[in-house]
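# Coordinates for the following, if possible.
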Amino acid sequence: MAINADEKLLKLIILKTNSIKHIATGILIILSFSIFNSCTNTKRTKDKIVIEYFNNPILDDGPDPYVFLHDDGFYYCMVTKGDRLKLWKTSSFTDLDESQAKEIWFPPATGENSCCIWAPEIHFIDNTWYIYYSATDKDNPVDLSRHVFVLKNNSENPFEDSWEDLGKVETKSPGIDGHIFDYKGKRYFAYSPYIGTQSGIVLAEMTTPTTVGEEIILGLPIYDWEKTPPREILEGPQFLEGPKDKIFIIYSAGACWDDNYGLGYFVADKDADILNPDSWLRSETQIFEQSRDSSVFGPGHNCFTKSPDGTEDWIVYHAKKESSNKCAERSTRAQKFKWTENGFPQFGKPISITTNIQKPLGIRKL
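Sure, this is the predicted structure:
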């Protein structure tokens with residue numbers, strides 16, 4: 001009898017033990033599933049991308065836009081204001097209305113840079129802020145008295161009131177739309193000089209912030225779309241390095257009052273001597289032009305920048321929303337562009353102001 005009682009007791013212990021094991025296993029499975037499910041949801045939350053949109057224009061009054069992406073992660077933006085220089089600082093160049101902005105400089109009352117302040121560009125050169133802009137003398141506001149001028153800021157903060165007037169860039173001809181770029185360890189200056197009844201695109205190596213070396217003419221207007229009476233104009237040169245073996249100088253052609261104002265390019269191999277005019281070829285047709293079905297007229301005088309995360313290429317330009325024979329009412333617009341298999345920029349059509357555009361990737365929320 002004792003043996004039977006012991007056997008029963010042993011069976012009871014085994015049964016309870018197995019039950020506890022099953023319960024523990026069940027609890028472990030539930031916990032494991034809960035933990036897995038919780039981790040999965042967290043990952044999805046972290047990986048969730050909130051897509052935001054904007055509409056053009058990004059600035060209603062914004063001719064000749066220039067956007068500079070600085071090492072501090074902020075964009076410094078300028079447009080033509082005519083009688084002053086204004087600077088925007090922003091983490092998102094498509095949200096200028098939410099950015100820091102300040103009028104940072106006013107022209108002198110008299111003198112060769114007292115009038116018609118056009119096409120400013122801000123640059124950070126050798127740890128110093130510079131602004132290049134076009135101007136003329138209010139007592140003689142004609143094309144042949146227009147030049148590119150330079151301001152230097154002696155502060156690390158370009159919003160500080162410490163801009164020093166360095167005078168004009170000593171170029172061979174009067175002209176406008178000075179553009180600075182670095183390439184393969186050298187610094188270059190491109191501008192649009194007045195040569196007779198035409199304006200062309202000229203390139204030179206910079207020797208100081210206000211002086212240049214030998215100037216070469218990349219080109220003068222030769223195609224009908226580049227010849228808007230009464231003056232035939234190429235202007236607004238902008239350097240663009242392609243993803244493959246080409247570099248480009250993108251220019252605007254026609255005239256700001258012409259609906260047909262648009263973009264063309266000069267192209268050279270990356271290993272070419274870029275101060276040799278024979279190194280450059282040019283587009284025969286416009287590569288970015290008006291779109292009447294989108295109500296975009298005279299798109300041009302652009303610049304280029306990257307998205308905050310560095311993965312996207314953007315073109316920033318001005319255009320008009322109505323057909324006119326005036327330069328007035330040019331607004332700043334932006335859109336992403338792609339590259340062809342051969343490494344040429346593919347800008348597409350100018351986007352309508354009624355179309356929602358996805359914002360650049362990587363915008364920081366401050």
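# hey, what's the residue nearest the centre of the chain bridged with?
The residue lying closest to the centre of the chain (CA atoms, centre = their mean) is Thr305, at 2.7 Å. Taking DSSP bridges as the rule, Thr305 bridges to Trp314.
# for it, what are its contacts?
Counting by CB atoms under 8 Å, 6 or more residues apart in numbering, Thr305 touches 67-69, 75, 93, 314, 316. Yep, even glycine has a C-beta here, placed from its N, CA and C like the rest.
# What's the local residue count around Tyr132?
Taking other CB atoms under 10 Å as the neighbour definition, Tyr132 ends up with a count of 24.
# tell me the contacts of it?
Counted by CB under 8 Å, 6+ apart, Tyr132 has contacts 120-121, 123, 148-150, 169, 178-180.
# picking that back up, turn the contacts of Thr305 into a markdown table, columns for pLDDT and secondary structure.
Supplementary listing: the contacts of Thr305 in a markdown table, determined by pLDDT from 0 to 100; DSSP: H, G, I helix; E, B strand; the rest coil:
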| residue | pLDDT | secondary structure |
| --- | --- | --- |
| Val67 | 98 | strand |
| Phe68 | 98 | strand |
| Leu69 | 98 | strand |
| Tyr75 | 98 | strand |
| Phe93 | 97 | coil |
| Trp314 | 98 | strand |
| Val316 | 98 | strand |
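# Check the gap between Leu96 and Leu361 for me.
18 Å (CB to CB, to the nearest Å).
# Next, Trp225: secondary structure please.
The assignment at Trp225 comes out as helix when based on DSSP: H, G, I helix; E, B strand; the rest coil.
# Correct me if wrong: it contacts Asp258.
No. Using CB atoms under 8 Å, Trp225 is not in contact with Asp258; the gap is 9.5 Å.
# returning to what we had before: between Leu96 and Leu361, tell me which one has more neighbours.
Neighbour count, other CB under 10 Å: between Leu96 and Leu361, Leu96 has more, with 22 against 15.
# Next one: the more buried one from Gly82, what distance?
With distances taken as CB to CB, Leu96 is found 18 Å from Gly82.
# Check Ile274 too.
33 Å.
# what about those two, which has more around it?
Neighbour comparison, Ile274 and Gly82: the larger count goes to Ile274, with 23 against 11 (by other CB under 10 Å).
# Which one (most neighbours) among the contacts of Thr305?
Phe93 (28 neighbours).
# Cool, thanks, talk later.
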